[in-house]
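1. What follows is a predicted structure for the sequence shown.
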Amino acid sequence: MARLQHLAVAGLALGLAATALPAAAQGAKATSGSERVSLRDTFPVGSNGLCEAQILAAEPGAGVLDRRYSVICRDAAAPVGTVWVVHGAAAAAAPGRFAGAGASCTPSGALSLAGVKDAQRLTCATEGSVIRTDLLLARRGGQTIAVAGMSAYARALEFALASVASDRVVAGDVEIPLTSATDDLAFARQQAEAIAADQALAEAYRRGNAGNFAEAAEFFAVSAGALTGPLEAEARLNQALQQSNLGNHAEAARLFAAARPGSAASPVLARLYRNYLAMDALNQRRPEAALAALDAPLASDFGDVEELRALRIGPALAVQLASEGERMTSAYSANLTPRERAQLLDGQSAYLKATALRLLGRAEASAALLGQAEAVLGGVRQGRVVSIGWLRAQVLGELAEAAERAGRPADAEALHGRAVALLAATYPASPAYDSARALLAGFYARADRKAEALALYRDIVSDAQGRPLPSLRGLLAPYFELLLANGASDAGAADLFAASQLLQRPGLAQTQAVLARELSAGTDEAAQLFRSSTNLGRAIEQQRLALLELRSAAPNGSDPAAAIAARESELGLLRQQQAEVLQKLAAYPRYRAVTGSAIPLADLQASLREGEAYVKLVTLDAAAYVIYVTPTTARAWRADATPKQLDSLVTAIRESIAIVEGGQVLTYPFDLAKARELYVRLFAPVGEELPKVRHLVFEPDGALLRLPINLLVTDDASVAAYAARMKAKGADEYDFRGTKWLGRGTQISTSVAASAFRDVRAARPSGGTRAYLGLGENAPGAGLAASDGERCAWSPNIWANPIKAKELREAAAKFGDTARVLTGPAFTDVAIESLPELRQYRILHFATHGLVTAPQPGCPPRPALLTSFAQAAGSDGLLSFAEIFGLRLDADLVILSACDTAGSATLGATREAGVTSGGEFALDGLVRAFVGAGGRTVLASHWPVPDDFDATGRLIGGLFAADGRATAEALMTSQTALMDDAETSHPFYWSAFAVVGDGAARLTR
């Protein structure tokens, strides 16, 4: 069904320039520089995905052949440079023409760039600015190519100049000051906001057509807020479709209803509306509704509708096509006409109808429509329309699968080959291209052509260079099966490990990587600059969101212009400050190094110590795989359960631990049999070996993100013994003493990415001079009126039952004068945020209520820790996700002795913090916020922590019973004491807490 999701997300860039395709696109491998730069509105700067050039609107007085590009790089909130291509008299312009008014430029020597002759570099400065500017100049024939930008991005400027001068993308790694604090979506937002709204709409379609669907959504959102007329209606329709693809079907329905009147304005928009409604229905797995939408009469159509539906180009349209000349020396073909767009949309409609029929089991009718769709799409301009290359490739892929099912393997291979070649020519190095190649590799695997399949899969993984490709999750199972076909082996495990790292991971992984980079070189000026840069990036994102809200707010009688102007001024100042910090950061080579998010298996093994093992779970669409790594060996196998079955088992186990009903936490007899079944299904090949591992680092995926594995049962005898005991009269069904839990003798840490674990392990320990800070026992009653009258406010009652500070004081007593406890009126949100010595504590321990659900029905969840209210304005008695993320910590360990602190955050809460990725996974909530603040390892809970039998106090207090132990060892010892007590032997009391990070780090020093 992954194919269906790809279908649904993309739109059709049919109003854009339709670049001509080669007459025959041959070969399945394309290079990034295969298309002339002069034919592109956007091109990569270098080949490691850090910078990009985007075409800008022509300057006043520019010649017809002149061009201008903006250079945009990751982590820089504003463009870092501009590229000009000028012809004729303008080519003789002085350097000030490009460096800006008031700039003073001095030559700094010749510039040696491959394929560029007589290039030179000038260094420019403007009075009052600390930012140094480089100006690169090259002349070719009657034109001048100039690139001006921040000297911190000199290599990016050089690559941009070389690419434009040679008219091809020059490959190579760009080195820039990089924090890695932003992701692909944040980079896409930067790009979208740096260009005109109509250009953003064009780029949105291009990225969607290339398979970069999430990035396309960012461009559509920007263009929808700035365009008017038919283009606004078109952008709004795409905005609605993106909501559908994100699973927000109620919001999609609202947006579609709002877009319907504007969609009746033209035959093209009417068809777009029809097709998108069908895609929305297919997203919801409602093929009958999709067919109904496609068969409904159009709100608007052409006069000669019968001729159009017959898919013929009549005399009038033929004259139109013949009159359209190519632009810029044959570089571009003219824009598609409305009738061509309509024809292509009707071809897409045929494809959508074929998909719906296939889902309904009507394969023969589906195949006929697929053939019709290919004929239609290939018939417009002889099939030379770039913007539908992705759609034609999907049609060809569907036809290939139909041919394979019909027993025509030669036809299937040819059709897959055509799809790959088409995308190699139109969207090389794109997710769509990778998906088409993966489909071909899957065909090879099913045809028993193992060597060809393995070679193609390995090419896909290698070409990704560690960049995430979540769209492959549904297409990698044949590869994994091939790797495991010859039995477990180190080589197969290494390949499987490499491929698994391309799949989507919790946002916590990125935050851990950023923290590790900050900590990589001590506490010197560079580390402080790095931290300043990441904080400024978050502030810029928060300011940007505030601006969007101001601009989209309904008029309320006041003029928002002044508020918008003030926000824009603040945003400009923040961007200037960030540019200055990045300029200084560029002087430190360690922060210019480019590292991917994937690591070789050998690097992970090198980071493990004797007695340790790393276990990585990978869930695809229909299968789950386990990779088991020790310092000297590696194995991989397919789990004996599908992801759906794993989810069912995890849910059953969770429901036997704790369920919240009517505000009450209910506990049931633990499902020991299912805990044993889950262990066997996941770990049978090493079932006897795993309990002997001293320290197990587990990287969960899918449903296992919601469950600590310390409660899995490692032998059948434990289950049988419990069942036998339950037959006795008066047996205590909550007594699980004697059970061989995985967590009884094995220390367990939770990881979210192998690279993040390696980096956090290598990071320096805290430089704090104080050992322990305990925070909790809020003052009840104070400030409750602050929440009155707000629909989405928490009930005042939650402040009325503070958690006692006994465990905090007992822990603090272990550290003497180096410890401090803040409770009651001193434990406020304002006090914590303003505590000057916060960064000096190596251990932070919160014992308070964790708020991770929605405060009221229909309100969004906003993760927070409950505090006392401060007298200061703005105090709400909560330490929110955003406020936590903004704290300045230097902590070895953060203990969250509160309910459900290992849960997720909403996208809204994540964006409020200025964080641009993740949010939808477990561990992306409060755990991520504290890691972002500077916590290396976090102890967090998977369900409401118990008050009965002083279980939580005993568990946390036991951590500090002895000095010098590893964090995971201390937790295991403390948990074992509760396992052996009849009153607390149920996993509800001892199993909730997980060590997220490196549990081998010592708890105290």
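-> Received the coordinates, thanks.

2. contacts for stretch 653-670?
-> For stretch 653-670, contacts defined as CB atoms under 8 Å, 6 or more residues apart in numbering pick out 671, 674-675, 678, 706-707, 711, 733-734, 736, 943-944, 946, 986-988, 991. To be clear about C-beta, it is placed using only N, CA and C from the backbone, and glycine gets the same treatment.

3. Ok, stretch 617-625 next?
-> By CB under 8 Å, 6+ apart, stretch 617-625 touches 1-2, 473-474, 476-477, 480-481, 484, 496, 500, 503, 626-627, 636-639, 641-643, 646, 682, 698-704.

4. what do you get for stretch 673-682?
-> 617, 624, 626, 639-641, 645-646, 649-650, 652-653, 656, 687, 704, 711-716, 718-719, 742.

5. Among these, which ones are in strands?
-> Secondary structure from DSSP state E places 617, 624, 626 of these in strands.

6. Kindly present those residues as TSV, with separate columns for distance to residue 561, neighbour count and pLDDT.
-> Below are those laid out as TSV (distance: CB to CB, whole Å; neighbours: other CB atoms under 10 Å; pLDDT from 0 to 100):
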residue	distance to residue 561	neighbour count	pLDDT
617	53	23	96
624	55	25	96
626	58	23	96
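
7. List just the nearest of those to residue 968.
-> Nearest to residue 968 among the ones in strands among the contacts of stretch 673-682 is residue 617, at 18.6 Å by CB to CB.

8. residues touching the spatially closest residue to that closest one that is not a sequence neighbour, list them.
-> Counting by CB to CB, 6 or more residues apart in numbering, residue 617 lies nearest to residue 701, which is 4.6 Å off, once chain neighbours are set aside. The contact partners of residue 701, by CB under 8 Å, 6+ apart, come to 503, 616, 617, 618, 619, 624.

9. List just the nearest of these to residue 978.
-> residue 617 (26.5 Å).

10. May I have the beta-bridge partners of the closest one?
-> residue 626 (DSSP bridges).

11. where does the stretch 351-500 of the chain have low pLDDT?
-> 384, 386-387, 486-490 (pLDDT under 70).

12. Tell me which stretches of it form helices.
-> 363-379, 389-405, 409-426, 431-446, 450-464, 477-484, 490-500 (DSSP state H, counting those that start in this stretch).

13. same check, this time on the stretch 701-850 of the chain
-> Using DSSP H, counting those that start in this stretch, helices in the stretch 701-850 of the chain cover 716-725, 742-745, 754-762, 806-813, 829-834.

14. If you count contacts, what does the longest one end up packed against?
-> Contacting helix 716-725 under the criterion 3 or more CB pairs under 8 Å, 6 or more residues apart in numbering; DSSP states H and E are the following elements: helix 672-683.

15. What residues of the helix it packs on count as buried?
-> Neighbour counts over helix 672-683 (16 or more other CB atoms under 10 Å) mark 672, 674, 675, 676, 677, 678, 679, 680, 681, 682, 683 as buried.

16. Out of those, the closest to residue 752 would be?
-> residue 682 (17.7 Å).

17. how about the buried residues of helix 672-683 in CSV, adding pLDDT?
-> Shown next, in CSV, are the buried residues of helix 672-683 (pLDDT from 0 to 100):
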residue, pLDDT
672, 97
674, 97
675, 98
676, 98
677, 98
678, 98
679, 98
680, 98
681, 98
682, 98
683, 97
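
18. now, which of the residues you listed sits nearest residue 823?
-> Minimum distance to residue 823 across the buried residues of helix 672-683 is 37.5 Å, recorded for residue 675 (CB to CB).

19. Can you tell me the closest non-neighbouring residue to the closest one?
-> In space, residue 675 is closest to residue 713, 4.7 Å off (CB to CB, 6+ apart).

20. Surely that neighbour touches residue 743?
-> No. Applying CB atoms under 8 Å as the test, residue 713 and residue 743 come out as separate, 10.4 Å apart.

21. Backbone dihedrals for the closest residue in space to residue 861 that isn't next to it in sequence, both of them.
-> Nearest residue to residue 861, sequence neighbours excluded (CB to CB, 6+ apart): residue 854, at 4.7 Å. Residue 854 adopts backbone torsions of phi -70, psi 140, taken as degrees, to the nearest 10.

22. Now do the contacts for residue 854.
-> Counted by CB under 8 Å, 6+ apart, residue 854 has contacts 792, 860, 861.

23. In stretch 283-299, which residues are buried?
-> 283, 286, 287, 289, 290, 291, 293, 294, 298, 299.

24. Actually, stretch 827-844.
-> Under 16+ other CB under 10 Å, the buried positions of stretch 827-844 are 827-833, 835, 838-844.

25. Going by distance to residue 110, which of those wins?
-> Nearest to residue 110 out of those is residue 839 (CB to CB; 47.8 Å).

26. Alright, I will stop here.
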